[in-house]
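> quick one: sequence and predicted model below, then my questions.
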Amino acid sequence: MDSELAWRKKEMSLVISNLTSAKEGISKDHYLRVAFLLIYAHWEGYIKVASQTYLEYVISQRLTYDVLKSNFLATGLLNHLENAPSVKNIKHKKEIIDFILNGSNITKFYGESAKMIDAESNLNIDVLEKICLSLGMEITTLAADKIWIDSRLLKFRNKIAHGDKVFYSNLDFSIEELRDEIQKFLDTYRNMISNAAVMKAFLKE
């Protein structure tokens, strides 16, 4: 996860450098739009990669659901439902009930990590909290975090993605500070994931 975060930070800093050195006008506005899109891409990209890495680690432990936190049972149940040909079929309903009542102590947690993490192509704080819940973790979100992520990064990224005009001169915050806040949040998330793995936070207490 460290190398994954390092190259993302380097690329964010590069695009900010291009923006800073660009001349006022069309060139600066162009690099501003690129900066927003790239910072968002690395924000969503790293959260997904780190989350999937954690899930792959838990899966590699080959543990049964009964020793894991309930969020993994919920994930397994959803996986079961998605793979069932029809939940209207009594046979499939019985299989799901048996899985809930009797399968947790014999069935090992498994699945494709890429399918378990859904950033919904719009990774705001609410979506991030859903991802954390699916991993059995809680994230303490300060009001400042929500402002930087939802009201600044997501707001302007979505405007740009939908073809709206965003001009450097109209910003009421620093793009450098946005980059720094997002990188700080990613550092925090990296530490959360790492600590959860080391402390085996996926196990029932």
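Received the coordinates, thanks. Every value quoted in this text rests on a predicted model; they were computed, and no experiment measured them.

> per-residue pLDDT, the most centrally placed residue in the chain?
By Cα atoms, centre = their mean, the mean C-alpha position of the chain lies nearest to Ile47, the distance being 3.4 Å. For Ile47, the model assigns a pLDDT of 97.

> how close does it get to Phe185?
Noted for Ile47: a distance of 9 Å to Phe185, by Cβ to Cβ, to the nearest Å. (C-beta placed from N, C-alpha, C; glycine too.)

> swap in His42?
His42 sits 11 Å away from Phe185, going by Cβ to Cβ.

> who's sitting farthest from the centroid in the chain?
Ile90 (36.0 Å).

> how about stretch 56-71: buried residues?
By neighbour count, with 16 or more other Cβ atoms under 10 Å as the criterion, the buried positions of stretch 56-71 are Val58, Ile59, Leu63, Tyr65, Leu68, Lys69.

> ok, now stretch 7-19?
Arg8, Lys9, Met12, Val15, Ile16, Leu19.

> ok, the residues you listed vs Asn102, which is closest?
Arg8 (43.9 Å; Cβ to Cβ).

> list the helices and strands the helix or strand containing that closest one packs on?
Element membership for Arg8, per DSSP states H and E: helix 2-21. Judged by 3 or more Cβ pairs under 8 Å, 6 or more residues apart in numbering; DSSP states H and E, the packing partners of helix 2-21 are helix 26-60, helix 175-198.

> so for Ile131, which of the ones you listed sits nearest?
Of these, nearest to Ile131 by Cβ to Cβ is helix 26-60, at 5.6 Å.

> I'd like the next helix or strand past the lowest-mean-pLDDT helix or strand in the chain.
When the helices and strands of the chain are compared on mean pLDDT, DSSP states H and E, helix 90-101 comes out lowest with a mean of 75. Next helix or strand after helix 90-101 toward the C-terminus (DSSP H and E): helix 113-116.

> flag every buried residue along whichever helix or strand comes after that next one.
Following helix 113-116 in sequence order, the next helix or strand is helix 125-134 (DSSP H and E). Neighbour counts over helix 125-134 (16+ other Cβ under 10 Å) mark Ile125, Val127, Leu128, Ile131, Cys132, Ser134 as buried.
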